[in-house]
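> pasting the sequence and the predicted model now:
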Amino acid sequence: MTPSASGSAYLEIETSAKPGVSGLKLSCSVHGPRALPRSAPFSPHIVLSTHVKYAPFATKQRRGYLRDPSERDLGIHLEAALRGAIIADRWPKSGVDIIISIVEGDQDRETSRSQGDEVWDMMNALGGCITVAAAALADAGIDCVDSVAGGVAALVQDADSDSQPAVVVDPIPSEHEKILAACCIAYLPTRDEVTNLWFRGDLPASDMDHYTRLIEQGILAARNSNRVLTDCLRETGEGDADLTGEAWCLFYPWAQPLRSYS
């Protein structure tokens, strides 16, 4: 996607076939690793910098050219998710910049912003940012312990008030009457580790079943995203004439066929 960058990736997710419901389109570029300025203090690990920005035309309300608090929050969560995957001690006194542009971020252009759906759209945007950043890091040749992927799960309430709340994966706010809570998980499937967990909502602290179900379904969504990511990386490696399949597995051992999950 970006020839001048060390690595780049593009992710497009079609959320629904309904008219008026758009998807999620993300573009990521990785610059580095490169030496830090001489004036910078010595760091035994790589200095990771993440930058997430919505395009001005990406949402219902036109965005400014400077980052707002929501975009800074996405960058902070993305940095925490990737820091647990990158082998940082291999590049002392070096830095890497990860820049993500959200080209399209509205899940539903007909839904009023006053309903609070923008908060839940941020969850889906963060899950996509984590996945596309992992693909760009692999394209840049930056060593990672595993391919991190993002997944989102939500506890929703249907229009029928008598029905029990249900847990859904990759929620679309316009398709549910109310979203009670949601969580976004950055997951390493081969190591079975969670590098970042972002939870928002209003649930009773005494009922731990909802929390457990949300985390389990969020991990399931991350595993599904990781399967797609691994297949794309394997196809890229097989298509490169200078990199055989055996060498690809040596450079990226986590790209081996994943075990099946029920």
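Received the coordinates, thanks. Fair warning: this is a prediction, and the values are worked out from it, not measured in the lab.

> list the buried ones in the one helix or strand Leu126 maps to?
Taking DSSP states H and E as the criterion, Leu126 maps to helix 117-140. For helix 117-140, the neighbour count (16 or more other Cβ atoms under 10 Å) marks 117-118, 120-140 as buried. C-betas here are computed from N, CA, C, even on glycine.

> packing partners for it?
strand 7-13, strand 24-35, helix 69-83, strand 94-104, strand 149-157, strand 178-188, strand 193-201, helix 208-239 (3 or more Cβ pairs under 8 Å, 6 or more residues apart in numbering; DSSP states H and E).

> quick one: distance of it to the chain centre.
Distance, stretch centre to chain centre, for helix 117-140: 2 Å (Cα atoms, centre = their mean, to the nearest Å).

> before we move on, what about stretch 59-70?
The answer for stretch 59-70 is 19 Å, by Cα atoms, centre = their mean.

> go through it and flag the buried ones.
So, applying 16+ other Cβ under 10 Å, buried residues of stretch 59-70: 59, 63, 67, 70.

> got JSON lines for those, with pLDDT too?
Converted to JSON lines, the buried residues of stretch 59-70 look like this (pLDDT from 0 to 100):
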{"residue": "Thr59", "pLDDT": "78"}
{"residue": "Arg63", "pLDDT": "78"}
{"residue": "Arg67", "pLDDT": "83"}
{"residue": "Ser70", "pLDDT": "86"}
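
> farthest-separated two in those residues?
Greatest spatial distance in the buried residues of stretch 59-70: Thr59 and Arg67, 13.7 Å, computed using Cβ to Cβ.

> check contacts around the closest residue to Gly105 other than its chain neighbours.
Ranked by Cβ to Cβ, 6 or more residues apart in numbering and with sequence neighbours excluded, the top spatial neighbour of Gly105 is Ala58, at 4.5 Å. By Cβ atoms under 8 Å, 6 or more residues apart in numbering, the residues touching Ala58 are 102-106.

> now the helices and strands packed on helix 117-140 as JSON lines including distance to Gln164?
Output for those, formatted as JSON lines (distance: least, Cβ to Cβ, whole Å):
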{"stretch": "strand 7-13", "distance to Gln164": "28"}
{"stretch": "strand 24-35", "distance to Gln164": "29"}
{"stretch": "helix 69-83", "distance to Gln164": "30"}
{"stretch": "strand 94-104", "distance to Gln164": "34"}
{"stretch": "strand 149-157", "distance to Gln164": "9"}
{"stretch": "strand 178-188", "distance to Gln164": "11"}
{"stretch": "strand 193-201", "distance to Gln164": "16"}
{"stretch": "helix 208-239", "distance to Gln164": "11"}
